[in-house]
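pasted the sequence and its predicted model underneath.
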Amino acid sequence: MGKILIQPRARRPRCEILFTPSPFDLLARRVRGRFWGLVVVSDSRVARLHGRTLISRLAAARMPHVLFAFQPGDRSKTRRTKERLEDAMVRAGAARDWAVVALGGGVTGDLAGFAAGTYMRGIPWFNIPTTLLAMVDASLGGKTSVNTPAGKNLVGLFHQPEAVLVHAGFLRSLPRPRWLDGTSEIIKHAAVLDRTLFEVLERALPLHASTSSRLLDRIIERSVRIKARIVTADEREQGRRSLLNFGHTIGHGLERAAGYRISHGRAVALGMVVEARISTLTGRLPPADCARLVRLVQRAGFSLPRRPLPAGAVLEALRVDKKKRSGSVRFVLLRRIGSAALSRGACTHEVDPALVRRALVEWPLRGGA
Ligand SMILES: NC(=O)c1ccc[n+]([C@@H]2O[C@H](COP(=O)([O-])OP(=O)(O)OC[C@H]3O[C@@H](n4cnc5c(N)ncnc54)[C@H](O)[C@@H]3O)[C@@H](O)[C@H]2O)c1
Ligand SMILES: [Zn+2]
(Lines give C-alpha, C1' and ligand atoms only; values in the text may rest on other atoms or scores of the structure.)
(Ligands and ions follow the chains in the order given, each with its own letter.)
Protein backbone atom coordinates (compact mmCIF):
# COMPACT_ATOMS: atom_id res chain seq x y z
CA MET A 1 0.00 0.00 0.00
CA GLY A 2 1.50 3.33 -1.06
CA LYS A 3 1.16 6.53 0.92
CA ILE A 4 1.51 10.23 0.06
CA LEU A 5 1.24 13.16 2.48
CA ILE A 6 -0.27 16.56 1.86
CA GLN A 7 0.81 19.02 4.54
CA PRO A 8 0.44 22.53 3.15
CA ARG A 9 1.86 24.36 6.16
CA ALA A 10 3.60 23.03 9.21
CA ARG A 11 0.76 23.79 11.60
CA ARG A 12 -2.05 22.81 9.26
CA PRO A 13 -3.65 19.39 9.59
CA ARG A 14 -2.18 16.89 7.19
CA CYS A 15 -3.98 14.62 4.82
CA GLU A 16 -2.84 11.11 4.04
CA ILE A 17 -3.54 9.64 0.64
CA LEU A 18 -3.64 5.88 0.95
CA PHE A 19 -3.70 3.48 -1.99
CA THR A 20 -5.44 0.36 -0.87
CA PRO A 21 -7.15 -2.74 -2.29
CA SER A 22 -9.60 -2.79 0.67
CA PRO A 23 -10.64 0.77 1.53
CA PHE A 24 -13.60 -0.22 3.70
CA ASP A 25 -11.55 -2.47 5.99
CA LEU A 26 -8.90 0.22 6.23
CA LEU A 27 -11.51 2.83 7.13
CA ALA A 28 -13.09 0.56 9.76
CA ARG A 29 -9.66 0.01 11.35
CA ARG A 30 -8.92 3.75 11.34
CA VAL A 31 -12.17 4.89 12.93
CA ARG A 32 -12.77 2.14 15.47
CA GLY A 33 -12.25 3.45 18.99
CA ARG A 34 -11.64 6.99 17.73
CA PHE A 35 -15.12 8.13 16.76
CA TRP A 36 -18.49 7.64 18.33
CA GLY A 37 -20.26 7.45 14.98
CA LEU A 38 -19.95 8.05 11.23
CA VAL A 39 -22.08 9.90 8.71
CA VAL A 40 -21.67 8.23 5.33
CA VAL A 41 -22.51 10.53 2.39
CA SER A 42 -23.10 9.16 -1.12
CA ASP A 43 -25.24 9.91 -4.12
CA SER A 44 -27.97 7.31 -4.56
CA ARG A 45 -26.20 5.54 -7.45
CA VAL A 46 -22.94 5.09 -5.57
CA ALA A 47 -24.88 4.16 -2.43
CA ARG A 48 -26.52 1.33 -4.39
CA LEU A 49 -23.31 0.20 -6.11
CA HIS A 50 -20.80 0.48 -3.27
CA GLY A 51 -22.43 2.06 -0.22
CA ARG A 52 -24.21 -1.10 0.84
CA THR A 53 -20.91 -2.94 1.19
CA LEU A 54 -19.47 -0.12 3.28
CA ILE A 55 -22.55 -0.05 5.50
CA SER A 56 -22.44 -3.80 6.12
CA ARG A 57 -18.71 -3.57 6.89
CA LEU A 58 -19.39 -0.81 9.46
CA ALA A 59 -22.23 -2.83 10.97
CA ALA A 60 -19.94 -5.85 11.27
CA ALA A 61 -17.36 -3.64 12.99
CA ARG A 62 -20.14 -2.39 15.36
CA MET A 63 -19.47 1.17 14.28
CA PRO A 64 -22.58 3.37 14.71
CA HIS A 65 -23.39 5.09 11.40
CA VAL A 66 -26.04 6.76 9.29
CA LEU A 67 -26.24 6.97 5.51
CA PHE A 68 -27.22 10.18 3.76
CA ALA A 69 -27.94 9.69 0.04
CA PHE A 70 -28.82 12.40 -2.47
CA GLN A 71 -29.77 12.57 -6.17
CA PRO A 72 -26.68 12.02 -8.37
CA GLY A 73 -25.29 14.97 -10.32
CA ASP A 74 -23.74 18.41 -10.00
CA ARG A 75 -27.23 19.89 -9.66
CA SER A 76 -27.38 18.41 -6.15
CA LYS A 77 -24.25 20.29 -5.04
CA THR A 78 -26.27 23.07 -3.42
CA ARG A 79 -26.80 24.81 -0.12
CA ARG A 80 -30.17 23.06 0.04
CA THR A 81 -28.61 19.56 -0.07
CA LYS A 82 -25.99 20.62 2.46
CA GLU A 83 -28.77 21.83 4.75
CA ARG A 84 -30.62 18.52 4.41
CA LEU A 85 -27.40 16.67 5.22
CA GLU A 86 -26.82 18.85 8.29
CA ASP A 87 -30.38 18.25 9.47
CA ALA A 88 -29.86 14.50 9.07
CA MET A 89 -26.64 14.76 11.10
CA VAL A 90 -28.44 16.61 13.89
CA ARG A 91 -31.25 14.00 13.89
CA ALA A 92 -28.67 11.21 14.14
CA GLY A 93 -27.13 12.89 17.16
CA ALA A 94 -23.81 13.54 15.42
CA ALA A 95 -21.45 15.50 17.66
CA ARG A 96 -17.81 16.54 17.68
CA ASP A 97 -16.73 12.97 18.26
CA TRP A 98 -18.28 11.87 14.94
CA ALA A 99 -16.69 11.91 11.50
CA VAL A 100 -18.06 12.24 7.97
CA VAL A 101 -17.21 9.74 5.22
CA ALA A 102 -17.66 10.81 1.60
CA LEU A 103 -18.09 7.84 -0.73
CA GLY A 104 -18.51 8.99 -4.32
CA GLY A 105 -17.34 11.39 -6.99
CA GLY A 106 -16.30 15.01 -6.77
CA VAL A 107 -19.83 16.18 -6.03
CA THR A 108 -20.03 13.98 -2.94
CA GLY A 109 -16.56 14.99 -1.72
CA ASP A 110 -17.21 18.72 -2.18
CA LEU A 111 -20.58 18.55 -0.43
CA ALA A 112 -19.63 16.19 2.43
CA GLY A 113 -16.30 17.95 3.04
CA PHE A 114 -18.00 21.34 3.20
CA ALA A 115 -20.64 20.05 5.64
CA ALA A 116 -17.91 18.43 7.78
CA GLY A 117 -16.00 21.73 7.75
CA THR A 118 -18.86 23.75 9.16
CA TYR A 119 -20.76 21.22 11.33
CA MET A 120 -20.09 22.21 14.94
CA ARG A 121 -17.30 24.43 13.58
CA GLY A 122 -15.63 21.51 11.88
CA ILE A 123 -15.42 17.77 12.42
CA PRO A 124 -13.02 15.31 10.75
CA TRP A 125 -13.82 13.64 7.47
CA PHE A 126 -12.55 10.87 5.21
CA ASN A 127 -12.84 10.81 1.44
CA ILE A 128 -13.27 7.61 -0.57
CA PRO A 129 -13.37 8.74 -4.21
CA THR A 130 -15.18 6.47 -6.67
CA THR A 131 -14.67 8.37 -9.96
CA LEU A 132 -11.37 8.76 -11.76
CA LEU A 133 -11.77 12.55 -11.64
CA ALA A 134 -12.27 12.47 -7.88
CA MET A 135 -9.24 10.18 -7.40
CA VAL A 136 -6.75 12.25 -9.38
CA ASP A 137 -8.17 15.72 -8.88
CA ALA A 138 -11.24 16.59 -6.78
CA SER A 139 -10.26 14.70 -3.61
CA LEU A 140 -6.84 16.36 -3.39
CA GLY A 141 -6.06 19.77 -1.97
CA GLY A 142 -8.81 20.24 0.62
CA LYS A 143 -11.10 22.49 -1.42
CA THR A 144 -14.78 21.94 -0.64
CA SER A 145 -17.79 23.88 -1.89
CA VAL A 146 -21.32 24.03 -3.25
CA ASN A 147 -22.72 25.82 -6.29
CA THR A 148 -25.16 28.72 -6.13
CA PRO A 149 -27.38 30.07 -8.93
CA ALA A 150 -24.80 32.84 -9.37
CA GLY A 151 -21.86 30.52 -9.97
CA LYS A 152 -20.20 27.17 -9.49
CA ASN A 153 -18.24 26.45 -6.30
CA LEU A 154 -19.06 29.93 -5.04
CA VAL A 155 -19.45 29.04 -1.37
CA GLY A 156 -17.04 26.74 0.45
CA LEU A 157 -13.91 26.36 2.51
CA PHE A 158 -10.59 24.57 2.75
CA HIS A 159 -11.00 21.52 4.96
CA GLN A 160 -8.48 18.73 4.48
CA PRO A 161 -9.83 15.22 4.96
CA GLU A 162 -7.87 13.13 7.45
CA ALA A 163 -7.31 10.62 4.71
CA VAL A 164 -8.19 9.93 1.09
CA LEU A 165 -8.56 6.20 0.43
CA VAL A 166 -7.85 5.45 -3.23
CA HIS A 167 -9.03 2.17 -4.71
CA ALA A 168 -9.13 1.86 -8.50
CA GLY A 169 -11.44 -1.18 -8.22
CA PHE A 170 -14.41 1.21 -7.84
CA LEU A 171 -13.90 2.27 -11.44
CA ARG A 172 -15.13 -1.04 -12.82
CA SER A 173 -18.68 0.28 -12.65
CA LEU A 174 -17.85 3.74 -14.03
CA PRO A 175 -19.57 4.74 -17.31
CA ARG A 176 -17.27 5.66 -20.19
CA PRO A 177 -17.95 9.44 -20.27
CA ARG A 178 -16.90 9.67 -16.62
CA TRP A 179 -13.62 7.89 -17.43
CA LEU A 180 -12.95 10.62 -19.97
CA ASP A 181 -13.41 13.39 -17.38
CA GLY A 182 -10.66 11.93 -15.23
CA THR A 183 -8.43 11.12 -18.20
CA SER A 184 -8.40 14.78 -19.23
CA GLU A 185 -6.98 15.82 -15.87
CA ILE A 186 -4.36 13.05 -15.99
CA ILE A 187 -3.25 14.22 -19.45
CA LYS A 188 -3.09 17.76 -18.04
CA HIS A 189 -0.80 16.65 -15.19
CA ALA A 190 1.43 14.81 -17.64
CA ALA A 191 1.57 17.58 -20.24
CA VAL A 192 2.56 20.23 -17.72
CA LEU A 193 4.75 18.31 -15.30
CA ASP A 194 5.58 14.73 -16.19
CA ARG A 195 6.99 13.66 -19.51
CA THR A 196 7.38 10.05 -18.37
CA LEU A 197 3.70 9.83 -17.46
CA PHE A 198 2.88 11.33 -20.86
CA GLU A 199 4.88 8.57 -22.55
CA VAL A 200 3.12 5.92 -20.46
CA LEU A 201 -0.24 7.39 -21.49
CA GLU A 202 0.78 7.28 -25.15
CA ARG A 203 0.85 3.50 -24.78
CA ALA A 204 -1.93 3.02 -22.22
CA LEU A 205 -4.87 5.15 -23.40
CA PRO A 206 -7.82 4.81 -23.57
CA LEU A 207 -7.95 4.05 -19.87
CA HIS A 208 -11.49 2.63 -19.81
CA ALA A 209 -10.25 -0.12 -22.13
CA SER A 210 -7.15 -0.82 -20.05
CA THR A 211 -6.77 -4.50 -19.34
CA SER A 212 -3.98 -4.11 -16.82
CA SER A 213 -5.14 -3.04 -13.38
CA ARG A 214 -1.51 -2.68 -12.29
CA LEU A 215 -0.88 -0.17 -15.07
CA LEU A 216 -4.04 1.74 -14.14
CA ASP A 217 -2.96 1.81 -10.48
CA ARG A 218 0.45 3.16 -11.49
CA ILE A 219 -1.06 5.88 -13.68
CA ILE A 220 -3.46 6.98 -10.94
CA GLU A 221 -0.75 6.99 -8.29
CA ARG A 222 1.62 8.98 -10.48
CA SER A 223 -1.07 11.52 -11.30
CA VAL A 224 -2.06 11.85 -7.62
CA ARG A 225 1.59 12.42 -6.77
CA ILE A 226 1.77 15.35 -9.19
CA LYS A 227 -1.30 17.12 -7.81
CA ALA A 228 -0.29 16.33 -4.22
CA ARG A 229 3.16 17.85 -4.84
CA ILE A 230 1.63 21.02 -6.25
CA VAL A 231 -0.94 21.53 -3.49
CA THR A 232 1.61 20.71 -0.80
CA ALA A 233 3.95 23.42 -2.02
CA ASP A 234 4.57 26.16 0.51
CA GLU A 235 3.17 29.65 0.15
CA ARG A 236 6.10 30.99 -1.79
CA GLU A 237 5.31 28.48 -4.50
CA GLN A 238 1.57 29.08 -4.48
CA GLY A 239 1.72 30.35 -8.03
CA ARG A 240 2.57 26.82 -9.07
CA ARG A 241 -0.99 25.76 -8.28
CA SER A 242 -2.05 27.73 -11.36
CA LEU A 243 -0.19 25.15 -13.49
CA LEU A 244 -3.21 22.94 -12.85
CA ASN A 245 -5.22 25.39 -14.97
CA PHE A 246 -3.67 24.19 -18.21
CA GLY A 247 -6.52 23.69 -20.69
CA HIS A 248 -8.98 25.26 -18.27
CA THR A 249 -8.93 28.90 -19.47
CA ILE A 250 -10.20 27.97 -22.94
CA GLY A 251 -12.02 24.98 -21.38
CA HIS A 252 -14.15 27.25 -19.18
CA GLY A 253 -14.80 29.48 -22.18
CA LEU A 254 -16.04 26.46 -24.14
CA GLU A 255 -18.21 25.33 -21.23
CA ARG A 256 -19.78 28.76 -20.92
CA ALA A 257 -20.21 29.09 -24.70
CA ALA A 258 -22.02 25.71 -24.73
CA GLY A 259 -24.25 26.65 -21.78
CA TYR A 260 -22.53 23.83 -19.83
CA ARG A 261 -23.92 21.21 -22.21
CA ILE A 262 -20.38 19.95 -22.81
CA SER A 263 -18.67 17.70 -20.27
CA HIS A 264 -15.86 19.24 -18.23
CA GLY A 265 -13.47 16.56 -19.50
CA ARG A 266 -14.19 17.31 -23.13
CA ALA A 267 -14.00 21.08 -22.60
CA VAL A 268 -10.59 20.68 -20.93
CA ALA A 269 -9.37 18.28 -23.63
CA LEU A 270 -10.22 20.75 -26.40
CA GLY A 271 -8.93 23.58 -24.19
CA MET A 272 -5.56 21.83 -23.86
CA VAL A 273 -5.35 21.46 -27.64
CA VAL A 274 -6.07 25.16 -28.20
CA GLU A 275 -3.69 26.25 -25.43
CA ALA A 276 -0.94 23.98 -26.81
CA ARG A 277 -1.55 25.59 -30.17
CA ILE A 278 -1.21 29.05 -28.56
CA SER A 279 2.06 27.80 -27.04
CA THR A 280 3.23 26.93 -30.54
CA LEU A 281 1.99 30.15 -32.15
CA THR A 282 3.89 32.17 -29.53
CA GLY A 283 7.07 30.25 -30.35
CA ARG A 284 7.27 28.33 -27.10
CA LEU A 285 6.24 24.79 -28.00
CA PRO A 286 7.70 22.88 -30.97
CA PRO A 287 4.92 22.00 -33.49
CA ALA A 288 5.78 18.29 -33.17
CA ASP A 289 5.04 18.40 -29.41
CA CYS A 290 1.74 20.15 -30.07
CA ALA A 291 0.87 17.36 -32.53
CA ARG A 292 1.72 14.74 -29.88
CA LEU A 293 -0.71 16.30 -27.45
CA VAL A 294 -3.44 16.38 -30.10
CA ARG A 295 -2.86 12.67 -30.84
CA LEU A 296 -2.97 11.78 -27.13
CA VAL A 297 -6.26 13.63 -26.64
CA GLN A 298 -7.72 11.68 -29.56
CA ARG A 299 -6.29 8.43 -28.28
CA ALA A 300 -7.95 9.09 -24.91
CA GLY A 301 -11.31 8.85 -26.70
CA PHE A 302 -12.11 12.49 -27.50
CA SER A 303 -13.20 13.16 -31.05
CA LEU A 304 -12.07 16.56 -32.31
CA PRO A 305 -14.94 18.57 -33.81
CA ARG A 306 -14.69 18.95 -37.59
CA ARG A 307 -16.35 22.32 -37.54
CA PRO A 308 -14.73 25.51 -36.20
CA LEU A 309 -14.96 26.16 -32.47
CA PRO A 310 -17.34 28.96 -31.39
CA ALA A 311 -14.51 31.48 -31.31
CA GLY A 312 -16.72 34.55 -30.79
CA ALA A 313 -18.58 33.04 -27.85
CA VAL A 314 -15.37 31.74 -26.24
CA LEU A 315 -13.64 35.12 -26.58
CA GLU A 316 -16.70 36.80 -25.10
CA ALA A 317 -16.61 34.35 -22.15
CA LEU A 318 -12.90 35.16 -21.66
CA ARG A 319 -13.73 38.86 -21.70
CA VAL A 320 -16.29 38.34 -18.91
CA ASP A 321 -13.70 36.30 -16.99
CA LYS A 322 -11.19 39.08 -17.43
CA LYS A 323 -13.56 41.62 -15.88
CA LYS A 324 -14.16 39.33 -12.91
CA ARG A 325 -10.44 38.83 -12.32
CA SER A 326 -9.65 42.51 -12.27
CA GLY A 327 -8.37 42.78 -15.74
CA SER A 328 -6.29 39.82 -16.84
CA VAL A 329 -6.86 36.40 -18.33
CA ARG A 330 -3.68 34.40 -18.17
CA PHE A 331 -2.71 31.15 -19.82
CA VAL A 332 -0.55 28.24 -18.76
CA LEU A 333 1.63 27.53 -21.79
CA LEU A 334 3.96 24.64 -22.60
CA ARG A 335 7.57 24.73 -23.71
CA ARG A 336 7.72 21.03 -24.33
CA ILE A 337 5.80 17.91 -23.38
CA GLY A 338 6.02 17.55 -19.60
CA SER A 339 7.20 21.10 -18.99
CA ALA A 340 5.39 24.43 -18.67
CA ALA A 341 6.83 27.66 -20.02
CA LEU A 342 7.83 30.17 -17.35
CA SER A 343 8.38 33.88 -17.80
CA ARG A 344 10.45 35.58 -15.11
CA GLY A 345 9.36 32.91 -12.65
CA ALA A 346 5.63 33.28 -13.38
CA CYS A 347 3.68 30.18 -14.41
CA THR A 348 1.04 32.05 -16.41
CA HIS A 349 1.19 34.34 -19.41
CA GLU A 350 -0.86 37.11 -20.95
CA VAL A 351 -1.57 36.43 -24.61
CA ASP A 352 -2.59 38.85 -27.34
CA PRO A 353 -6.35 38.24 -27.91
CA ALA A 354 -5.74 38.25 -31.67
CA LEU A 355 -3.54 35.19 -31.20
CA VAL A 356 -6.12 33.46 -29.05
CA ARG A 357 -8.68 34.13 -31.78
CA ARG A 358 -6.32 32.70 -34.38
CA ALA A 359 -5.80 29.50 -32.37
CA LEU A 360 -9.58 29.14 -32.11
CA VAL A 361 -10.51 29.91 -35.71
CA GLU A 362 -7.74 27.88 -37.29
CA TRP A 363 -9.62 24.82 -36.10
CA PRO A 364 -9.79 22.00 -37.17
CA LEU A 365 -6.09 21.42 -36.83
CA ARG A 366 -4.36 19.76 -39.70
CA GLY A 367 -1.66 17.32 -38.71
CA GLY A 368 -2.15 18.58 -35.19
CA ALA A 369 -0.09 21.75 -35.37
N1 LIG B 1 -12.61 20.14 -4.76
C2 LIG B 1 -11.88 20.22 -5.85
O3 LIG B 1 -10.70 20.58 -5.80
C4 LIG B 1 -12.48 19.82 -7.17
C5 LIG B 1 -11.67 19.66 -8.30
C6 LIG B 1 -12.25 19.25 -9.49
C7 LIG B 1 -13.63 19.04 -9.55
N8 LIG B 1 -14.40 19.23 -8.45
C9 LIG B 1 -15.85 19.01 -8.48
O10 LIG B 1 -16.09 17.64 -8.75
C11 LIG B 1 -17.37 17.51 -9.36
C12 LIG B 1 -17.26 16.53 -10.53
O13 LIG B 1 -16.83 15.30 -10.03
P14 LIG B 1 -17.31 13.91 -10.66
O15 LIG B 1 -17.13 13.94 -12.13
O16 LIG B 1 -16.69 12.82 -9.88
O17 LIG B 1 -18.90 14.03 -10.46
P18 LIG B 1 -19.96 13.15 -9.64
O19 LIG B 1 -19.60 13.06 -8.22
O20 LIG B 1 -21.30 13.74 -9.96
O21 LIG B 1 -19.87 11.71 -10.30
C22 LIG B 1 -20.23 11.56 -11.66
C23 LIG B 1 -21.29 10.48 -11.84
O24 LIG B 1 -20.68 9.21 -11.68
C25 LIG B 1 -21.45 8.38 -10.81
N26 LIG B 1 -20.50 7.51 -10.15
C27 LIG B 1 -19.59 7.85 -9.21
N28 LIG B 1 -18.80 6.80 -8.92
C29 LIG B 1 -19.25 5.76 -9.67
C30 LIG B 1 -18.82 4.43 -9.83
N31 LIG B 1 -17.75 3.94 -9.16
N32 LIG B 1 -19.52 3.65 -10.69
C33 LIG B 1 -20.57 4.15 -11.39
N34 LIG B 1 -20.98 5.42 -11.31
C35 LIG B 1 -20.33 6.21 -10.45
C36 LIG B 1 -22.19 9.34 -9.92
O37 LIG B 1 -23.38 8.76 -9.44
C38 LIG B 1 -22.45 10.52 -10.86
O39 LIG B 1 -23.63 10.30 -11.57
C40 LIG B 1 -17.81 18.89 -9.76
O41 LIG B 1 -18.80 19.35 -8.87
C42 LIG B 1 -16.55 19.73 -9.60
O43 LIG B 1 -16.83 21.08 -9.26
C44 LIG B 1 -13.84 19.61 -7.26
ZN1 LIG C 1 -10.77 20.34 -14.38
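On my side now, so go ahead. Ligands and ions are numbered 1, 2, ... in the order given.

ranges for the helices of the chain?
Assigned by DSSP state H, the helices in the chain fall at 23-31, 44-46, 52-60, 79-92, 106-118, 132-133, 176-193, 195-204, 213-232, 248-257, 264-281, 287-300, 311-324, 353-361.

out of those helices, which is closest to ligand 1?
Between ligand 1 and the helices of the chain, the shortest gap by Cβ to the nearest ligand atom is with helix 106-118, which sits at 2.0 Å. Every C-beta, even on glycine, is put in place using the N, C-alpha and C of the backbone.

quick one, the closest one and helix 176-193 angle?
70 degrees (axes from the mean of the first three to the mean of the last three Cα atoms, to 10 degrees).

okay, now the closest residue to residue 72 other than its chain neighbours: neighbour count?
Excluding its sequence neighbours, the residue lying closest to residue 72 (Cβ to Cβ, 6 or more residues apart in numbering) is residue 43, at 4.0 Å. By other Cβ atoms under 10 Å, the residues close to residue 43 number 23.

quick one: residue 43 and residue 68 touch, right?
No - when contacts are counted by Cβ atoms under 8 Å, residue 43 is not listed as touching residue 68 (10.1 Å).

still on that earlier bit, so what pairs up with the residue nearest to residue 72 in the strands?
When assigned by DSSP bridges, residue 43 has beta-bridge partners residue 70.

got the confidence number for it?
Note on residue 43: pLDDT of 98.

quick one: contacts for it?
69-73, 76, 104-105, 107-108 (Cβ atoms under 8 Å, 6 or more residues apart in numbering).

apply 10 Å and report the result again.
49, 51, 69-73, 76, 81, 103-105, 107-108, 111, 130 (Cβ atoms under 10 Å, 6 or more residues apart in numbering).

show me which pair in those residues is furthest apart.
49 and 81 (19.6 Å; Cβ to Cβ).

how close does the closest residue to residue 161 other than its chain neighbours sit to ligand 1?
Leaving aside its sequence neighbours, residue 161 sits nearest to residue 127 (Cβ to Cβ, 6+ apart; 4.4 Å). Here residue 127 is placed at a distance of 10 Å from ligand 1 (Cβ to the nearest ligand atom, to the nearest Å).

how near is residue 127 to residue 310?
Going from residue 127 to residue 310 by Cβ to Cβ, to the nearest Å gives 36 Å.

of these two, give the one with the bigger neighbour count.
Taking neighbours as other Cβ under 10 Å, residue 127 and residue 310 compare with residue 127 leading, 33 against 16.

I'd like to know which helix or strand in the chain has the lowest mean pLDDT.
Of all helical and strand segments in the chain, the minimum by mean pLDDT, DSSP states H and E falls on strand 3-6, at a mean of 80.

what about residue 22, how many neighbours?
Using other Cβ under 10 Å, residue 22 is surrounded by 14 other residues.

up against ligand 1, what does the stretch 101-250 of the chain have?
Residues of the stretch 101-250 of the chain lying close to ligand 1 (Cβ under 6 Å from any ligand atom) are 104-108, 110, 130-131, 133-134, 137-138, 141, 143, 153, 170, 173-174, 178, 181.

good, we can wrap up now.
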